[in-house]
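Colleague: below are the sequence and a predicted model for it; my questions follow.
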Amino acid sequence: MDPAVADSVLPADLRARLCELVRLAPPSTSDGRDPGAALGDAEILISGWGCPRLTADVLARAPRLRVVIHAAGTVKSLVSEAVWERGIVVSSAADANAGPVASYTVALIALAARRTLTMAAGYPRVWPATADRSGADGMTVGIVGASRIGRRVVAELAGSGAGYEILLYDPYITDDEARRLGARRAGLAELCRLSRVVSVHAPLLPETTGLLDAAMLALLPDGGALINTARGPVVDTEALTRECATGRIEAYLDVTDPEPLPPDHPLAALPNVLLTPHIAGAQGSEVRRLGQYAVEETERWVAGRPLLGEVTREALPRLA
């Protein structure tokens, strides 16, 4: 992986733990992008941001490789068909990245519950008024996607004591599964119509591209909000821009389509829209969690135990 990333994700103490388990090969080039001669002996590959795609040509240089442990989230840009054809096991630290995203989302839900952007834009005009103010208790929140992050958000909301009514849309989940998570399964249209805050946690797939389109966004209640910390193209950007331009709803967007938006994009000028540069996932000191997860996966692999973050060929298409 990129050396700067490696130093943050795998600081000295975590590398020392690795060295107790395996013979750790140094990067073969200064930029870390060429897998180099070390691949010839490698049985375990710890990858991360900046790692080249594992094509057939790369894997041909790694005849002994048995497992790839990705110290980051998605492996879609990393894993090629050649990995599965070789029978190489793949693991991802997506679970370690899910915690920061879920916490960030719950914080945004708390802001959206109070119509924070609208209140801030009206300051000090709204200072003495109370009629337009709102709170979180008893509020209906819609979660789009029962992904690992979506499930964590549901769990945090259900345990918050605020009495949220949580609606969950996911075509792969049953009524009983949703109930066990602390939510009620709902169709997408029903969820949009009833939820004061809708939070997107669906992976980007052909069937989810533009899932939140003009028709669905129009169902959001006046004073409602949309939060997207998943993938930008799941939401129709033009339709969202039109809705937000009316001032009818707020939007809290950590991802957009395109990403980043052009500086002169209308969303950037709207006071009821918060744009952040893809910061919901592990940042700064938090990225150590990814390396720790990778080290713990290595410990499990060396000990012959199941990998907690294993990604299968069959599951990959439905993952982020």
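Modeller: Structure's in. What do you need? Numbers count the residues shown, from 1 in each chain.
Colleague: and V198, what helix or strand is that in?
Modeller: V198 is part of strand 197-200 when elements are defined by DSSP states H and E.
Colleague: dump whatever helix or strand comes next after that strand to PDB, restricted to CA.
Modeller: Per DSSP H and E, the first helix or strand lying C-terminal to strand 197-200 is helix 214-219. The C-alpha trace of helix 214-219 is given here as PDB (Å, rounded to 0.1, in the frame of the first residue of the first chain):
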ATOM      1  CA  ALA A 214     -37.300  12.400  -8.000                       C
ATOM      2  CA  ALA A 215     -40.400  10.400  -7.200                       C
ATOM      3  CA  MET A 216     -38.900   9.100  -3.900                       C
ATOM      4  CA  LEU A 217     -37.400  12.500  -2.800                       C
ATOM      5  CA  ALA A 218     -40.700  14.200  -3.500                       C
ATOM      6  CA  LEU A 219     -42.300  11.900  -0.800                       C
END
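Colleague: avg pLDDT for the helix or strand just after helix 214-219?
Modeller: Moving toward the C-terminus from helix 214-219, the next helix or strand (DSSP H and E) is strand 225-228. Strand 225-228 comes out with an average pLDDT of 98.
Colleague: who's in contact with strand 225-228?
Modeller: Residues outside strand 225-228 that contact it (C-beta atoms under 8 Å, 6 or more residues apart in numbering): 105, 108-109, 112, 115, 196-200, 212, 217, 220, 234-235, 240, 249-256. Any C-beta I mention is one placed from the backbone N, CA and C, and that applies to glycine too.
Colleague: can we see that at 7 Å?
Modeller: 105, 108-109, 112, 197-200, 220, 234-235, 240, 249-255 (C-beta atoms under 7 Å, 6 or more residues apart in numbering).
Colleague: narrow those to those in helices?
Modeller: Members of the contacts of strand 225-228 lying in helices (criterion: DSSP state H): T105, L108, I109, A112, L240.
Colleague: nearest to A294 among those residues?
Modeller: Proximity of the ones in helices among the contacts of strand 225-228 to A294 (C-beta to C-beta) peaks at T105, which lies at 24.0 Å.
Colleague: if we can go back for a sec, buried subset of the contacts of strand 225-228 as a ChimeraX selection?
Modeller: Here is the ChimeraX command that selects the buried residues among these (16 or more other C-beta atoms under 10 Å):
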select :105,108,109,112,197,198,199,200,220,234,235,240,249,250,251,252,253,254,255
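Colleague: what segments of the protein are helices?
Modeller: 3-9, 12-19, 56-60, 81-85, 94-113, 116-121, 148-158, 175-181, 188-194, 214-219, 237-245, 266-269, 288-302.
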